[in-house]
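In: coordinates only, no sequence provided:
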């Protein structure tokens, strides 16, 4: 009898602990100082486009204390939608041959803030590339051989046409990257 009572109490506790009431609170996010749509999207495993769509945003500009919906329906449906975007049987990306160089945020006079608002000095492990937005749209997810998956989060005056700059926090390693021609994948 004692085991049955403990079992029932535990079941009731777990039911309340995982009810929709608690998951509904996870469907919004309050913008903090230094936040970007890209960082929020990575934190919640959704795309920047999804956040913009759910919140009817027409630009990448967000404000401190702004409340953002981070899922369209519930947290459980957000991840499968993301996986469904790239089915294995279809090509959900375009390949572009580019000249790839590297840059750091530690140069003299550099703020460390990308064009899209990513703070590279506070996020030295961020995988960010600088692109020509006419070739690769800002906010795109890009795979760069030898670098990995990155976000097109910056643009530079020397980055024109089929050229990218990969962010590497360490100046020595950025110089070691050098200049190379690679075929990147830009996900749709």
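Out: That came through, no problem. Note that the structure is predicted; figures quoted are calculated from it, not measured.

In: hey, let's count contacts and neighbours off CA atoms from now on
Out: Fine.

In: show me the contacts for residue 60.
Out: Applying Cα atoms under 8 Å, 6 or more residues apart in numbering to residue 60 gives the contacts 36, 37, 52, 116.

In: can you get me a residue count around the last one?
Out: Look at residue 116: counted by other Cα atoms under 10 Å, it has 17 neighbours.

In: counting neighbours, what do you get for residue 110?
Out: Neighbour tally, residue 110, other Cα under 10 Å: 11.

In: do you know how far it is from residue 104?
Out: 9 Å (Cα to Cα, to the nearest Å).

In: wait, a helix at residue 29?
Out: No - under DSSP: H, G, I helix; E, B strand; the rest coil, residue 29 falls outside any helix and is assigned strand.

In: just checking, it touches residue 70?
Out: Yes - using Cα atoms under 8 Å, residue 29 makes contact with residue 70 at a distance of 6.5 Å.

In: okay, the two: which has more neighbours?
Out: Higher neighbour count among residue 29 and residue 70: residue 70, with 27 against 16, using other Cα under 10 Å.

In: quick one: average pLDDT of the longest strand seen in the chain?
Out: Of all the segments of type strand in the chain, defined by DSSP state E, the longest one is strand 93-103. Strand 93-103 shows a mean pLDDT of 93.

In: that one: what's the following helix or strand?
Out: Helices and strands here follow DSSP states H and E; after strand 93-103, the next one along the chain is strand 128-130.

In: packing partners of that following strand?
Out: Counting contacts by 3 or more Cα pairs under 8 Å, 6 or more residues apart in numbering; DSSP states H and E, strand 128-130 is packed against strand 148-154, strand 163-167.
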